[in-house]
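**Student:** let's see this in three dimensions:
(chains A and B)
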Amino acid sequence: DTEVTQTPKHLVMGMTNKKSLKCEQHMGHRAMYWYKQKAKKPPELMFVYSYEKLSINESVPSRFSPECPNSSLLNLHLHALQPEDSALYLCASSQDLGGTEAFFGQGTRLTVV
Amino acid sequence: DAKTTQPPSMDCAEGRAANLPCNHSTISGNEYVYWYRQIHSQGPQYIIHGLKNNETNEMASLIITEDRKSSTLILPHATLRDTAVYYCIVRVYGGATNKLIFGTGTLLAVQP
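**Tutor:** Model prediction:
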């Protein structure tokens, strides 16, 4: 199983809502990542987790709150988002920080209204 | 971080080889060159990576110049399904600072 599964595939939320994005992998990978991708732009790194600990936060606003409850799961909690936060949110995993290949999920397309 | 420069778009005829160039003139000695591609509305997919030597796998070949300042990804027999944005990435690695930073990429359009 070389899949990274993201749910939901699509999400529409209001600016006062709280929602969560979920990412799951069963490859035994110990590094997991969140990326944000705006239309026609490359993915931008948001967070990196290594062995369930936050390793990198790319100065992401606090309305995005990551969580890694165990080695297979990565969540992204969303609160008080703005319309400009509408984007494709991609999760990825690799064997560890030195892993040569990152596997990406299909993403969650988020629309903030 | 070393940056990469790629042409914004390229065309290739189906069945022909697609050669995608990438410049990374500020690459450091221990930085790898990675290639990923992203087919429309999907997550990026790993293709190949290399440090100094040329590399080949079932998907593509990677040619890195001797001075490591540029590289070329070769898809030997392009098909319509290879139409995608191809990202050349120089990977920064060091302890807890591992990053995979995407550049602007090349949109490869394979024509029938």
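**Student:** please name the nearest non-neighbouring residue to the residue in chain B positioned nearest to chain A.
**Tutor:** Chain A sits closest to B:G43 of chain B, with a gap of 3.3 Å, by Cβ to the nearest Cβ. For every residue, glycine as well, the C-beta is placed using N, CA and C. Spatially, and ignoring its direct neighbours in sequence, B:G43 is nearest to A:F104 (3.3 Å; Cβ to Cβ, 6 or more residues apart in numbering or on different chains).
**Student:** show me the beta-bridge partners of that neighbour.
**Tutor:** A:A92 (DSSP bridges).
**Student:** pretty sure it sits against A:L90.
**Tutor:** Yes. Judged on Cβ atoms under 8 Å, A:F104 makes contact with A:L90 at a distance of 5.6 Å.
**Student:** the two: who's more crowded?
**Tutor:** Between A:F104 and A:L90, A:L90 has the larger neighbour count (other Cβ atoms under 10 Å in any protein chain shown), namely 27 against 22.
**Student:** that one: what's it in contact with?
**Tutor:** A:Q6, A:W34, A:Y35, A:K36, A:Q37, A:P43, A:F104, A:G105, A:G107, B:G43, B:P44 (Cβ atoms under 8 Å, 6 or more residues apart in numbering or on different chains).
**Student:** in chain B, which spans are strands?
**Tutor:** B:9-13, B:18-23, B:32-38, B:45-50, B:55-56, B:61-64, B:70-75, B:84-91, B:106-111 (DSSP state E).
**Student:** so which other helices or strands are in contact with the fourth one?
**Tutor:** Taking 3 or more Cβ pairs under 8 Å, 6 or more residues apart in numbering or on different chains; DSSP states H and E as the contact definition, the neighbouring helices and strands of strand B:45-50 are strand B:32-38, strand B:55-56, strand B:61-64, strand B:70-75.
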